[in-house]
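A.B. asks: A structural model of the following input is requested.
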Amino acid sequence: SSQLSSLPLQILLYVNGIYYIFYFLATLAMIIYKSQVFSYPDDLLAPDLAVLFLMAILEVPRLYLGFKGNLTEAEAPLGLSLGLTVGSVVLCVYLLLWQTYVLWADVLLNALLLSAYGLESGLKVTAIAAFVS
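C.D. replies: I've put the predicted structure just below:
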């Protein structure tokens, strides 16, 4: 029997896990910075923080299911991970376009994360296709 799991996907999932820790801490620090330096409306600070923390909560099962699905060559966990990736992309786009203040560093961090999500999604679809066939 041949091995169908994807090494590039596994590496990218690992790198995304490390990058997301950096992304979360940097984005949290920038939100704190923006709340101190700019006149950040109190009623808008909570939604921005809620999106960031919801994204962090979503990231754990997304990565776990991606790792598990790829290593066990099971399309269901990988498909669920792909679905959670869509949710993460929506939250990332919120932080890129609709949060109260968007700095150039926000654009850079979110563009890199969206690129990684796109590449990872393509690899997941390819892996699922290999598992099914």
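A.B. asks: all contacts plus neighbour counts: C-alpha atoms, from now on.
C.D. replies: OK.
A.B. asks: Which strands and helices lie in contact with the helix or strand residue 26 falls within?
C.D. replies: Applying DSSP states H and E as the criterion places residue 26 in helix 7-37. Judged by 3 or more C-alpha pairs under 8 Å, 6 or more residues apart in numbering; DSSP states H and E, the packing partners of helix 7-37 are helix 42-71, helix 104-132.
A.B. asks: and the angle for the first one with helix 104-132?
C.D. replies: Regarding helix 42-71 and helix 104-132, their directions subtend 30 degrees when assessed with axes from the mean of the first three to the mean of the last three C-alpha atoms, to 10 degrees.
A.B. asks: Please spell out which residues along helix 42-71 are buried.
C.D. replies: The neighbour-count criterion (16 or more other C-alpha atoms under 10 Å) identifies 45, 48-49, 51-52, 55-56, 58-59, 62-71 as the buried residues of helix 42-71.
A.B. asks: related to what we said a few turns ago, which among the helices and strands packed on helix 7-37 is found nearest to residue 91?
C.D. replies: helix 42-71 (6.4 Å; C-alpha to C-alpha).
A.B. asks: That closest one packs against which elements?
C.D. replies: Against helix 42-71 (3+ C-alpha pairs under 8 Å, 6+ apart) you get helix 7-37, helix 75-93.
A.B. asks: Give the rounded mean pLDDT of the last one.
C.D. replies: It refers to helix 75-93. When pLDDT is averaged over helix 75-93, the result is 98.
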